[in-house]
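Visitor: got a structure for you, letters missing:
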Ligand SMILES: [Mg+2]
Ligand SMILES: [Mg+2]
Ligand SMILES: [Mg+2]
Ligand SMILES: [Zn+2]
Ligand SMILES: [Zn+2]
Ligand SMILES: [Zn+2]
């Protein structure tokens, strides 16, 4: 477990570099990430490479035993390259070009750009292949940032047609798979099919889903192209990419097939504002469950310890407001990441930049080079980590199932403004975390036998393979909780020719008779095992077959109908919840699941933003609130850090 | 009075068709509508027609005595046609194309598309000319849906220039009619005039009005082209078009000149959400007055019994939320339409589709072919209708005047965000319905002598002809209620060279001194015949000449000035109301009008969403609320359906 | 002091002109402005000029001793000109053209349009050079109205490249000045640099600032081109331009270098609505402080008596709502302008127009030619002004510093949705006006020695020259109040390599340690000289060096840190306020400043919208409220108008 920092030597005079490195050593920095936007400095003119400045800095760092993570600079093709190939620019769905002048202006499907990419990556790989200071690479930077994952240009159109041909084989198959009989949408040739450009009304949902898959695949391919080139030069290098806050448009499981591990960029106070109506604590330190959800998601995506490749160092420039993080938050975030399995936490960035678009983004140093508050937090975390034993890997007995295809399909046809896939999934994740349970976030096609309990929210696009896997899991003693909008569609986004949950009906012992996307004004009450709870957004009226009804609607139009069922199946059981439960019912459902599965959990939920996490036999208590909290620790508990009383925005680590 | 259903055999295997028809018979279906989006199935390749599948289904239906309404499939030109003529695509006002991929992507003024249209319609007309099972045609589908009535392409620009030349004669006349002296907007040639494409500021209001007329006329012409072709093949066929919920951009009176009757598509729970802030009852059954306003508008537009060509069958896909209609609503809507003069109510659609954009739209059957709740409602309505005597036509003694040109002109220069033409007009319509009065919605140029009373809201664009007609009406004993913003402009959307209401001033005996578009914060009180009421949005300060002041402002800046006047004129009288009254004053004004006119009406207003309607000596009581209501019926009242106590979402029909 | 009116003879038959002029004489009109949109009437076809109609009207007016202000008609190039040169149309940042059909559709950087402009202006100048009735010219009309100041077309792109080369010299200098090392934004040639067209993310802030300067300069150049041509024909003519309500995008100081005086267009009830949540008084008469802020700004911009070139005459067409101004408001506005140094107030417009886009805009006459309420207000003001002695010029002992560059730079990177430059500056202006103090609004580079006190809000972009000038001012005894976000950046919009306020640190004796853009939920309390106040939006934590701390944060994360400091410097002192104070603290800070500076001011703040103004030894009391107010006047006060009791929406003028 170690601390790193992002560094932009190209923004500062070379005279300053040695002082910077010395101060990094002093702060306990072990990794430095560089060069993700430096194409223009690395190749000021076509084929005139200038790596000397970077060599110098890498050498300085290596001399001080600081390892270097280099980045391919493909997020920012320079002006001369755009002049040579104006066709690389992305386009909006109305044909407007995304021009040079910010970043991420290139199309993933531009052949010209793939050649340029291969050229610079190859050059960099070759140059640094034998440098002992360079330990790994980050490919590009934050794929999809600023809404750039999806492009509508002619290159994308041609690539989409090819992708569809690969996937569907012939055009009759596509017409059949999608169901283009509707509204005379039949195609005669793959070349006729365009990205979902501006139309008068909605696009075909099957086209939208395949376009979502295609655009994700385009990035997967672009990433793999770079990873392969780098590995060719030095197979010992690790390769990673820095993902964004539960970014929806890119399948991180797929990207990770070309990566050694995943990393992500964590800005907790900004994310809290983006989700809307933040509490004061969230403004100052973020919502710990949303932060750890990303830790767990990206750790699971590569099935490997992750990095935080950019960690918020102070105030940041892109949310609506820019409050200063709470005193202690910068340090807290590093420990919190470690508790969820991080290998390294890299602060963004060393020094506030004097120029360009991110002047209002703090660094560990201020613009004038003096130490900012973040420097203290980062160096304190670094020195504490040195004293801690390596806790090993995170081990989870509960999995939450997640598949990007479901997110894409539901998002395109939510059928209500209130159904947000991530929110629904996160509702279950959060109550698990409130009970101190470790969670993996894995695909439905993952091996599930290692888990005692599985929560499967909205398995929307279903097929026999997925249903069979879940049946086997439960048959063999697994405990499963399935939720609403499962088994609704086939993998092409067509409704099944059967009641939901289709091939899952045997497993849950019930079918869905009718669903309803309710208006907030409508009454939403359900009785579950003798107690009354609220729900919202969605209900399904169930027709139980062999299942037992354990929840019944208690108001409004579904009054009296079955809402939640339980079904013993082989050695395990499967619960189906046909509504979106309020928080206390979610907690109750999960508590009952853990009970059945024999998973150890806290008997009472933790307070908001206070969390307990286990990793390798150690226990982290993280206090993301402005009040100190008291841990119910045994008298002989041994604290590696802190103590039973955890002050505001502080933490303690106990052995055991 | 009969029940029908919309059917899409092209979405289902041919093996299923006979079972579908049998189940339709069982449900009491008498009409089936088909083929409105089936161009690609009818002509899979250019000039390769395939009518066999449709023949088969028509034959099945005809064998079971179910009559068929076919549709011309021009709402969805197939991909190959767009490839042949990419110029048929519509354009936004900034030049962005409305691409293939949804529906309604063609321009009404494309010569290529008119030729293609004539080709397919002619082919269909010829093929089915002698089939006894086909009784009529729907032309295209929902003209203007998804904002496609107005297009800004070069074809439209050229057609607009021609239309203007036809209408104005020479360019000097146009410059004079419009008043292009303002801001140097003179034109030298008709070809210079473009649709109102993107400009820095507002367009010329006279151009906007003529563009609204031109675009409506373009559709009228496109519709007539098809109607003529079909009539050429079989003059016994009826021809109709399915209009949308009080759709503003298309003059339905003009379209109906080529139709035998009008039909419209009724989705009450969706409309209620579109109007904003729906009550729970409106979420479950809609606002009955807005539904019946459409019944009355489209019945009046063709002066003929109307059809509901698409009737909501359950949950629907396009509003924000998709609650299930109340138990009983699907049946209720059919009877409610009949009470307003419907000849047939056709549910949309037979079966929920597995594919494409409308998967989240219910049918009478579910996607898996099982019967959904809507099936019960529709078949119950069908069997009840069989038992009812034919009540004949609706007869109204009150007319509300409506002219699309006024809507267009006011909408373009509302002068406040709160003035909505339909809302203003509907305010008067609704209080008439609360008193159980039958209403026609007719143009100011219609024959008015058959009406005892006439309400004329906002006769904005005036001329002598319209003023003379109203004078004659009142002179001969008619009772007239005119409202604010009347007689403001000439027919070219220029202010009159006279105080409002211009040529109506003689009739009302007053002029308007000054108007005011008030902010909601301002006090808005008026005294009318001794009592105090609220008003909103707009006031006019009147200068009565020979009229009597019956209403006076009682607060704010117009305090003490004349607000409402009454004027005896010949054998009748004309009231002018210079403000937008709150509901109770609207009711009072209308009650006084009915009184003067001797129109029979309920002495007390009905509760919200409970309505009484007369048609041919029968009386319908429709209860669109969740509580049962008691009718004040005489002891010997004979009920054809139901009884004096009407349960929630239910109805009764009394003879007399 | 005199009254004028805007007149459009081209909208009315020539038979009416003499009657109009007679009624103007009767109303006391001394100036008539004409022809600002009349290009199509002046040149109906290329090179076919028709000045006869205008000659006739000018003659009529001159015969009646009414002086004429003519306008160049360049705001509305006619259709034929656009047909000849379609390239003159402006473009949006996504390339959409701003088409013909409203006004202001030309690009300031179009060479074609500059030639056309020179042609018509030259023609007009020559024609009227010797007419004694024409006393001056307004150039164009409301530069920038409808968002047209900034254009993104290719002509602008080429001109921007040239402008940048002029300013930066060579491309290496530009790269260095801007800091293009960030995100690989280096340029190789000036031609590569485009206007800030559509990009995926933010533009470079230094490019944005230079683009703001360039676009302002383009207008300055376009204006000077016209001014020079007119002066060539008659050097006695005055030249002005009518600016808009504290319009942000155009540097009025720069424009005024080619003008004899500034004028502006005042629509108080509209402006109040644009600022949001108007009070009832503001709906009826406007916010007097925002109106007078414009008077003072534009008087200061040319350092000369100003004109109101368009004064609201009644209801207007462009705000959301169009209430009628309060009885008395039309007269009040004229006197209020005079009290702030106006030389003439010209009502817009003589008669409500029957045609075109502004039919819902009142005139002194109604559309039918009858006198409207505005006529009474204007003529009453005219006759009162005749009786008043010339009070001479306004003299201010306090200056508020304002520089458009700071507005532009802060606006582009506000770092919170709540920081609005004008609002911040106006907060200080308003408390000065509440104390009856006269204010100049001048640039930081102006001569400050004539002022006893200076308020300098947000001197964001700093350099040594500006810092030195302020140091000299204070050293010599000036009293200075500096506020937050000062001395943050260099003149190229790069952060300083020093703590804020950079070169101002010596003067204020403090630096800024950390800033925070707070969320409204966060606690915001400060203690200032023993009392507790609220603040909002922004705080800076100060590190005082030689300054005295006079304000300290009293809540939240900056609790206990220095917030406001005072520093004696030479013979004066400098206060630095590191937060955005609520109104009462703003008042307190300014009151203390005036105290130190010995500026005479009212001991208690005036009520809202009641204001006292001095000009040349006379005192105006303006009552912009619905209640009468009592002035605390000495028994022997001599009233030139009104008396000690000022009725609602009325005023009085006292001698002394
Ligand atoms: Mg996947
Ligand atoms: Mg009409
Ligand atoms: Mg300047
Ligand atoms: Zn692309
Ligand atoms: Zn068109
Ligand atoms: Zn331009």
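Guide: On my side now, so go ahead. Here the structure is a predicted model, which means the values were calculated and not measured. Numbering: from 1, shown residues only, chains lettered A, B, ... in the order given. Ligands and ions are numbered 1, 2, ... in the order given.
Visitor: who touches the residue of chain A found nearest ligand 6 in this structure?
Guide: Using CB to the ion, residue A:99 is the residue of chain A that sits closest to ligand 6, at 15.9 Å. Just so you know, the C-beta spots here come from the backbone N, C-alpha and C atoms, and that holds for glycine as well. By CB atoms under 8 Å, 6 or more residues apart in numbering or on different chains, residue A:99 lies in contact with A:89, A:105, C:194, C:197-199.
Visitor: how about the closest residue to residue A:456 other than its chain neighbours, phi and psi?
Guide: Using CB to CB, 6 or more residues apart in numbering or on different chains and skipping the chain neighbours, the partner closest in space to residue A:456 is residue A:401 (4.4 Å). Note on residue A:401: its backbone torsions stand at phi -90, psi 140 [degrees, to the nearest 10].
Visitor: can you pull the contacts of residue A:441?
Guide: Applying CB under 8 Å, 6+ apart, we find residue A:441 in contact with A:293, A:296-297, A:300-301, A:399-400, A:402, A:429.
Visitor: so residue A:187 makes contact with residue A:171?
Guide: Yes. With contact defined as CB atoms under 8 Å, residue A:187 reaches residue A:171; the gap is 5.7 Å.
Visitor: those two: who's more crowded?
Guide: Neighbours were counted for residue A:187 and for residue A:171 using other CB atoms under 10 Å in any protein chain shown; residue A:187 has more, 22 against 19.
Visitor: backbone phi and psi for that one, please?
Guide: The phi/psi pair for residue A:187 (degrees, to the nearest 10) reads phi -110, psi 150.
Visitor: that one and residue B:97: what is the separation?
Guide: To residue B:97, residue A:187 is 18 Å away according to CB to CB, to the nearest Å.
Visitor: now swap in residue A:382 and tell me
Guide: Counting by CB to CB - residue A:382 and residue B:97 are separated by 56 Å.
Visitor: and if you look at residue A:292?
Guide: According to CB to CB, residue A:292 stands 46 Å off from residue B:97.
Visitor: for those two, indicate the residue with more neighbours.
Guide: Shown here are residue A:292 and residue B:97; by other CB under 10 Å, residue A:292 has more neighbours (24 against 17).
Visitor: what about the closest residue to ligand 5 within the stretch 201-350 of chain A, neighbour count?
Guide: Closest approach between the stretch 201-350 of chain A and ligand 5, counting by CB to the ion: residue A:201, at 16.9 Å. A count of nearby residues for residue A:201, using other CB under 10 Å, gives 17.
Visitor: what sits against it?
Guide: Residues counted as contacts of residue A:201 (CB under 8 Å, 6+ apart) are B:102-104, B:145-146, B:357.
Visitor: who touches residue A:549 in this structure?
Guide: A:542, A:562-565.
Visitor: give me that answer again for 10 Å
Guide: The contact partners of residue A:549, by CB atoms under 10 Å, 6 or more residues apart in numbering or on different chains, come to A:510, A:542, A:561-566.
Visitor: for the stretch 101-250 of chain A, what spans make up the strands?
Guide: A:134-138, A:238-240, A:242-243 (DSSP state E, counting those that start in this stretch).
Visitor: could you do the stretch 351-500 of chain A as well?
Guide: Taking DSSP E, counting those that start in this stretch, the strands of the stretch 351-500 of chain A run over residues A:398-401, A:439-442, A:453-456, A:479-483.
Visitor: how about those strands, which one is nearest ligand 4?
Guide: Closest approach to ligand 4 among those (CB to the ion): strand A:439-442, 30.1 Å.
Visitor: how far is the closest one from where the chain is centred?
Guide: Offset of strand A:439-442 from its chain centre (CA atoms, centre = their mean, to the nearest Å): 12 Å.
Visitor: kindly report the same for stretch A:487-498.
Guide: In this view, stretch A:487-498 has its centroid 26 Å away from the chain centroid, taken as CA atoms, centre = their mean.
Visitor: could the strands of the stretch 351-500 of chain A go into JSON lines alongside mean pLDDT?
Guide: Output for the strands of the stretch 351-500 of chain A, formatted as JSON lines (pLDDT from 0 to 100):
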{"stretch": "strand A:398-401", "mean pLDDT": "98"}
{"stretch": "strand A:439-442", "mean pLDDT": "98"}
{"stretch": "strand A:453-456", "mean pLDDT": "98"}
{"stretch": "strand A:479-483", "mean pLDDT": "98"}
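Visitor: so for residue A:635, what's the pLDDT?
Guide: Residue A:635 carries a pLDDT value of 75.
Visitor: an error on my part: the question was meant for residue A:390.
Guide: pLDDT for residue A:390: 89.
Visitor: which residue packs closest to it, ignoring adjacent ones?
Guide: Nearest to residue A:390 is residue A:1, by CB to CB, 6+ apart, at 7.0 Å.
Visitor: now for that neighbour, how many residues are close by?
Guide: Other residues near residue A:1 come to 24 when the count uses other CB under 10 Å.
Visitor: wait, a helix at the residue of chain A closest to ligand 6?
Guide: No. Counting by DSSP: H, G, I helix; E, B strand; the rest coil, residue A:99 is not found in a helix; it is coil.
Visitor: tell me who's in contact with the nearest residue to residue A:383 once chain neighbours are set aside.
Guide: Using CB to CB, 6+ apart and skipping the chain neighbours, the partner closest in space to residue A:383 is residue A:28 (5.4 Å). Residue A:28 is in contact with A:2-3, A:378-386, counting by CB under 10 Å, 6+ apart.
Visitor: can we see that at 8 Å?
Guide: Residues in contact with residue A:28, defined by CB under 8 Å, 6+ apart, are A:3, A:378-379, A:382-383, A:385-386.
Visitor: show me what from chain A comes close to ligand 6.
Guide: By CB under 5 Å from the ion, no part of chain A sits against ligand 6.
Visitor: list the contacts for the residue found closest to residue A:237 once you drop the neighbours it is linked to in the chain?
Guide: In space, and not counting its chain neighbours, residue A:237 is closest to residue A:136: 5.0 Å by CB to CB, 6+ apart. Applying CB under 8 Å, 6+ apart to residue A:136 gives the contacts A:69-70, A:237-240, A:260.
Visitor: now a ChimeraX select for only the buried ones of the contacts of residue A:441.
Guide: Buried members of the contacts of residue A:441, defined by 16 or more other CB atoms under 10 Å in any protein chain shown, are picked up in ChimeraX with:
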select /A:293,296,297,300,301,399,400,402,429
